[in-house]
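Trainee: Predicted model, plus sequence, below.
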Amino acid sequence: MEETKPLTKLSLLKSLLSPATFPHLLMMALASIALFVLARMEAEVWSAYGFIGFSVAYLCLAPLSKNERLGGLLRYNTDEESGHKPPLTARFKILLLPIVLGGIFVALIYIIFGESGVFSQIGSFLPATLGGLFVLWAVAQGRFFGLATMNAINVSEEGQSNPDGYSPVPSLVMTSTLVVVMTFAVTEGLRFVLGSDSFSVWPYLFSFAVYGLCIYATWGQRKEASLHSVTHVVARKWFWATQLFITWHVLSIFRSIDSASTDTLIFIEELLLMIVTVFLAIWALTSKGEGSESTLFTRDNALFWGVAFGYAYAGSVAMITSVMDDVRTVLIGGHILVVATVMWSQRSMLEARTNRINSDRGIVQSVIDLEIKEPSTEPSPSDTEVDDKQHSAPQIQEEAPNQEESIGDPVDWNQTPESLGDETQWDDEIELLD
């Protein structure tokens, strides 16, 4: 039986970009653009129907894709032995089932929530409801990033305790250096690309102000984690990752506010951010840690879960931008929600991981310190000896009084017993008294 390779980020990325399923990603990108344009043409309702229908279709196909027969319809398998390359159109046959199923769901949604549907009054609120989910996706983005990075940190089971706590200075120096490098690379790199000659100090002040707020908000949890070398390493590595992610979003907020940034550059950045978000969401769902794998969310159906999330995410952005007519305001709000979620996760998730590691270490230590009594070297009496002693005890008690009576010669049971009058002498003459 072939051993399954452990799940890693690289193996998951290869699975998502596999040529066997790549047409699903291409269709999601093209369909999202088309539905976005439809929403901008004041057809928000039909656009919402499309986003919801295809998202639900992939939600249904994701768990069913583990079936061999159904999975064969959703994946393109090349015949490597023949060496014959089929035409490009043959690869897109795997899109037939999602398109048909998505169309069915769109028709059902129209029948139920359309103008003449049973819930027509609710149907008019579908675009606003889908747009409101943008808040949920922004929070989920920050949460998924926290889960993915925390699960990726592997630490040794052994370590040393320090009642005074390990010094936080090296970690703060390293994190500060990373924040400076990232702020400089992003800000000055974009300034060079845009051909701007003006230098601005505001991005640096902006990013370091949020960085200082994160240090203040998580100081208690980091202090608790510094009491042991294992939890101290977890806090240090995770603070690096989360702080860089926060800095990226903070700089995105600044660029969205800055009028010098072009809409094209912002669109490219948001597209990359959406791709990273979908990947982190899939990783957080499919993996319980580096090398482990969930039963419902696997590397084989990870792409279909990601596509379903991508349709919902893109639909929320499309609905909000069509209602508000201001893409930058929507993106700024999304970035603020992500930053707030990650900052909150820095406290809650670090505290939970520290308590779990300390609890596991306490259980292991209690097992090590457990005193096991050694068996006695004296041989234990066997069952027969115990029974003999129990039977002999009453016999000894009964024989004890008999031993006092049997002192002397043994009794001759053939001897005639003596009567009371045998030793009495009687006179021959008997005198009669008057």
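Mentor: The structure has been received and is ready for your questions. Because the structure is predicted, anything quoted here is derived from the model rather than measured.
Trainee: In this model Thr218 seems to touch Glu351, though I could be wrong.
Mentor: No: with contact defined as Cβ atoms under 8 Å, Glu351 does not reach Thr218; the gap is 9.2 Å. Just so you know, the C-beta spots here come from the backbone N, C-alpha and C atoms, and that holds for glycine as well.
Trainee: Give me the buried positions along stretch 231-247.
Mentor: Using 16 or more other Cβ atoms under 10 Å as the test for burial, stretch 231-247 gives 231-243, 245-247.
Trainee: Just give me the closest of those residues to Ala140.
Mentor: Phe245 (14.1 Å; Cβ to Cβ).
Trainee: Contact partners for that closest one?
Mentor: Phe245 is in contact with 145, 149, 342, counting by Cβ atoms under 8 Å, 6 or more residues apart in numbering.
Trainee: average pLDDT across the host helix or strand of it?
Mentor: Using DSSP states H and E, Phe245 falls within helix 229-257. For helix 229-257, mean pLDDT is 88.
Trainee: More neighbours: which of Glu351 and Thr218?
Mentor: Under the criterion of other Cβ atoms under 10 Å, the comparison of Glu351 against Thr218 puts Thr218 first, with 21 against 16.
Trainee: tally of neighbours for the nearest residue to that one once chain neighbours are set aside?
Mentor: Nearest non-adjacent residue to Thr218, counting by Cβ to Cβ, 6 or more residues apart in numbering: Gln346, 4.8 Å away. Gln346 has 23 neighbours, counted by other Cβ under 10 Å.
Trainee: Backbone dihedrals for Ala152, please?
Mentor: The phi/psi pair for Ala152 (degrees, to the nearest 10) reads phi -80, psi -10.
Trainee: just Pro163 next, same as before
Mentor: Torsion angles, degrees, to the nearest 10, at Pro163: phi -60, psi -30.
Trainee: How about the one 5 residues further on?
Mentor: According to degrees, to the nearest 10, the main-chain angles of Pro168 amount to phi -90, psi 0.
Trainee: those helices in the stretch 251-400 of the chain, which residues are they?
Mentor: For the stretch 251-400 of the chain, the helices defined by DSSP state H, counting those that start in this stretch occupy 263-286, 302-324, 327-368, 383-405.
Trainee: Worst mean pLDDT among those helices?
Mentor: helix 383-405 (a mean of 51).
Trainee: Return the member of the buried residues of stretch 231-247 nearest to Ala308.
Mentor: Phe245 (23.7 Å).
Trainee: returning to that earlier point: columns neighbour count and distance to Arg299 on top of the contacts of Phe245, output as CSV?
Mentor: Below are the contacts of Phe245 laid out as CSV (neighbours: other Cβ atoms under 10 Å; distance: Cβ to Cβ, whole Å):
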residue, neighbour count, distance to Arg299
Phe145, 24, 20
Thr149, 22, 19
Val342, 24, 26
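Trainee: can you redo these as JSON lines with distance to Ala48?
Mentor: Converted to JSON lines, the contacts of Phe245 look like this (distance: Cβ to Cβ, whole Å):
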{"residue": "Phe145", "distance to Ala48": "27"}
{"residue": "Thr149", "distance to Ala48": "33"}
{"residue": "Val342", "distance to Ala48": "29"}
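Trainee: For Arg356, state which of the residues you listed is nearest.
Mentor: Thr149 (16.2 Å).
Trainee: Tell me the secondary structure at the closest one.
Mentor: Classification of Thr149 by DSSP: H, G, I helix; E, B strand; the rest coil places it in helix.
Trainee: was I right about it contacting Trp240?
Mentor: No: if you go by Cβ under 8 Å, Thr149 and Trp240 don't touch, sitting 9.3 Å apart.
Trainee: residue boundaries of the helices in the stretch 1-150 of the chain?
Mentor: Under the criterion DSSP H, counting those that start in this stretch, helices of the stretch 1-150 of the chain are mapped to 9-16, 22-40, 44-64, 68-74, 88-91, 96-113, 120-123, 126-151.
Trainee: now, of those, which is deepest in the fold?
Mentor: Of all these, helix 44-64 carries the top mean neighbour count, a mean of 22, counting by mean count of other Cβ atoms under 10 Å.
Trainee: tell me what that one is packed against?
Mentor: Counting contacts by 3 or more Cβ pairs under 8 Å, 6 or more residues apart in numbering; DSSP states H and E, the secondary-structure elements packed against helix 44-64 are helix 22-40, helix 68-74, helix 96-113, helix 126-151, helix 302-324.
Trainee: Give me the angle between the longest one and helix 229-257.
Mentor: So the one you mean is helix 126-151. Angular relation of helix 126-151 and helix 229-257 on a 0 to 180 degree scale: 140 degrees, by axes from the mean of the first three to the mean of the last three Cα atoms, to 10 degrees.
Trainee: same check, this time on the third one
Mentor: In terms of direction (the same axes, to 10 degrees), helix 96-113 departs from helix 229-257 by 70 degrees.
Trainee: which other residues reach helix 96-113?
Mentor: So helix 96-113 is in contact with 24, 27, 49-50, 52-54, 56-58, 60-61, 73-74, 117-120, 122-123, 126, going by Cβ under 8 Å, 6+ apart.
Trainee: try stretch 64-72
Mentor: Stretch 64-72 has contacts (Cβ under 8 Å, 6+ apart) with 61, 74-75, 298, 300-301, 304.
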